[in-house]
Each structure stands twice: as C-alpha cells, then as structure tokens.
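Student: mind folding the following:
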Amino acid sequence: MTIIKTIAGSKKEIHQLEDQILARLQNSNQNLLEDSELDKQLQRSKEKASDISIALEQAESTMRRINENREQFKSCAKKAAALFFVLNDLNKIDPMYQFSLDRYKELFKKSIDEKDIGTNQQDQPTQRIEKVHTLNVYRNTCKSLFEKHKLLLALSMCVKLQIAEGKIEQADYDFFLRGGGSMDSSGTKEPKPAHDWIKQTTWDQLVEL
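Tutor: Okay, the predicted model is just below:
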C-alpha cells in the first residue's frame, strides 16, 4: 500500500510541476528569454522532476517484483484456500467440527516456517510449503476427528487439491458423489437396449456418464 501511494503521489507531483510551468509561460508578460524567475523555476522543476522520476522508477520496479513473487505463490494460496473449505465443510458431517479461520492462518504461517524441514530442497519453495501444509492440515485436523471420519478427510483433501490443480473436473466429482439423478430427462437420448438386466435408472446413469 505504501508503494502504491508513493507511485500515485510522484505522478501527481510531476503533473503539478508541469501545470505550474505551463501557467507561468501563459501568464508571463515579458520576453521568455529575459524572464530570469521563469528560468530558475524551470531549472528547479527539472531537478525535482528528475528526482521524482528516479523515485518513481524504483517504486514501480519494486511493485513489479512484488507482483512477480505474488504470482509464484498464487497456486500455493489457491490450494491452501481449498484445504480450508474442506475443513469448513466437515461441520456438515458433524456439527461439533468447527474450525477457526484465524487458527488456520496460524497453521499456514507455521507451514511456511517449516517448509525446509524434511522436504526435498530441489523443489520450489511454494512446492515445499504445499507439501508441509497439506501434512500439517491432515495431522492437526485428525486430532479433532472421530476415527471413522479420518479416511473421508483424506479423500476430500486429495480431491479438492486435484480440482485446484485442474486434474479433476468439478462436474466429474459431482457425478461421482450424486450420480446422474439431476440430469434433464426431457431431451432426446439413446433409448435403453432391450435387455432386462439393464434397469432404466442404470441406463440413465450410463447416458449421463
């Protein structure tokens, strides 16, 4: 935020200097070559504009580096968000499962601090954070779960991470969970083969799949 304000303020100051010079030129009642005060103001403006331009270039360079670093961590943040919503959805299984966003942020910071512990140093920092955080989320959450729900947690985490990476389509996962019961049966579709061993509901599922 400070850098953004610096960039905006520098650009505004440059515009103000330009406006002052233009106003001076427009209102001058004497030969411009003989106007010593105008000459001094032009010199001061030139020096100030040069300082501002250097500061502006440095601020914009810093902003570009920040944006580049942020892009590198975008996938990491996306997966961390996906894992939080996995935890958030656990209360649909049992109302006693409640997880705080603040506590989750602390866990994510812990994962960043521990990214170099027991990980492959040849991996990118974001990859190490993702691996450590996934393990931390599973271990810490299992402490609060009934034994019968731990496998469900592992499945949900795995699927949501795969969806975040684009390896599983959400529509495919929805079909896996619910089947094709919500499909629109009013449209034209291939008729069911004349075999008694294929039920109509089974055929509808196959068509939807």
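Student: helices of this protein, start to end?
Tutor: For the chain, the helices defined by DSSP state H cover 2-27, 36-72, 74-88, 101-113, 125-142, 150-164, 170-178, 200-208.
Student: mind showing which ranges of the protein have poor pLDDT?
Tutor: Residues of the chain that meet the criterion pLDDT under 70 lie in 1, 3-4, 7, 24-25, 28-35, 37-38, 41, 180-188.
Student: tell me the domain boundaries of it?
Tutor: Per automatic domain parsing, the domain ranges recorded for the chain read 2-71, 74-178.
Student: check the gap between the residue minimising distance to the centre of the chain and residue 157 for me.
Tutor: Taking Cα atoms, centre = their mean, the centroid of the chain lies closest to residue 74, which sits 4.5 Å from it. Counting by Cβ to Cβ, to the nearest Å, the separation of residue 74 from residue 157 is 20 Å. No exception for glycine: its C-beta is placed from N, CA and C like everyone else's.
Student: same question for residue 194.
Tutor: According to Cβ to Cβ, residue 194 and residue 157 sit 45 Å apart.
Student: more neighbours, the two?
Tutor: Neighbours were counted for residue 194 and for residue 157 using other Cβ atoms under 10 Å; residue 157 has more, 19 against 6.
Student: wait, isn't the more buried one in contact with residue 86?
Tutor: Yes. With contact defined as Cβ atoms under 8 Å, residue 157 counts as touching residue 86 (5.4 Å).
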